[in-house]
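Undergrad: Sequence and computational prediction follow.
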Amino acid sequence: MTRVLVVDDCPHARHSTRRALEEAGFDVDVEADGGHALSAVSEIDPDLMLLDLGLPDVSGFEVLLHVRNRSALPVIVLSGRAGEADRVLAFELGADDYVVKPFLARELPARIRSVVRRAGPASPVLRFGPLEIRLPEREVLLAGVVVDTTPREFDLLATLASSPRRVFSKAELLSVVWGSSDNWQDPATVTEHIRRLRRKLEVDPDRPRWLHTVRGAGYRFEP
């Protein structure tokens, strides 16, 4: 039986989603916030996660980032946000599907089965020449030597490298990596972490091979 973890802070949404999935033959677990959801991923080993974006503690984007940096667990975003920007960011961070609430009772189980069927054994290691990013171990290796990175540095690098050539604005990176916003956290935080990563990874930090600045737009990882 397929085991689905539903993560949603709305009690009514959790109840209705759980009922619809159990009637469709799924084994369902529910969590109301991101912190407990991340713990549940390790404890119950679900086959798929249904993830709301508007969580009370950490954003759904940050949960998605943490899951994708550690496993190939299929994730379907189930959200009331229908805007293009949220959809694009969710897919760029590794979501397998995006369903807008309210959903059709028969559609969601079909989407889950489809995603579970096509979910392949995604590689847990990102390789770019001498650079290796080992997602489950949260390790970075350069020419076979472990590079000491902080948790934020690792998450930032993994986010950029998981979507090569995709330009991330500072605001997006603050949201995804820090669970923050430029309304209360200085975007220079991103700049400083990029600078530190370049010093650790690049032969010439002033002429980076991997971590590129896109003037006026943000940063991208060049594979």
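TA: Ah, there it is.
Undergrad: Let's see the pLDDT reported for Ala122.
TA: Confidence at Ala122, expressed as pLDDT, is 51.
Undergrad: And Asp186, by the same measure?
TA: pLDDT, read off for Asp186, is 84.
Undergrad: do Trp178 as well
TA: 83.
Undergrad: I'd assumed Gln185 was in contact with it.
TA: Yes - using CB atoms under 8 Å, Trp178 is in contact with Gln185, at 6.4 Å. (Glycine included, C-beta is placed from N, CA and C.)
Undergrad: what about the closest residue to Leu160 other than its chain neighbours, distance to Thr2?
TA: Leaving aside its sequence neighbours, Leu160 sits nearest to Phe221 (CB to CB, 6 or more residues apart in numbering; 3.9 Å). As judged by CB to CB, to the nearest Å, Phe221 and Thr2 stand 34 Å apart.
Undergrad: Between these two, point out the one with more neighbours.
TA: More crowded of Phe221 and Thr2, by other CB atoms under 10 Å: Phe221, with 24 against 16.
Undergrad: May I ask you to confirm that Ile76 is in contact with Gly94?
TA: No - using CB under 8 Å, Ile76 is not in contact with Gly94, being 11.5 Å away.
Undergrad: quick one, which of those two is more surrounded?
TA: Neighbour count, other CB under 10 Å: between Ile76 and Gly94, Ile76 has more, with 22 against 19.
Undergrad: List the contacts of that one.
TA: Residues near Ile76 by CB atoms under 8 Å, 6 or more residues apart in numbering: Leu48, Met49, Leu50, Leu51, Ala95, Asp96, Asp97, Tyr98, Val99, Arg111, Ile112, Val115.
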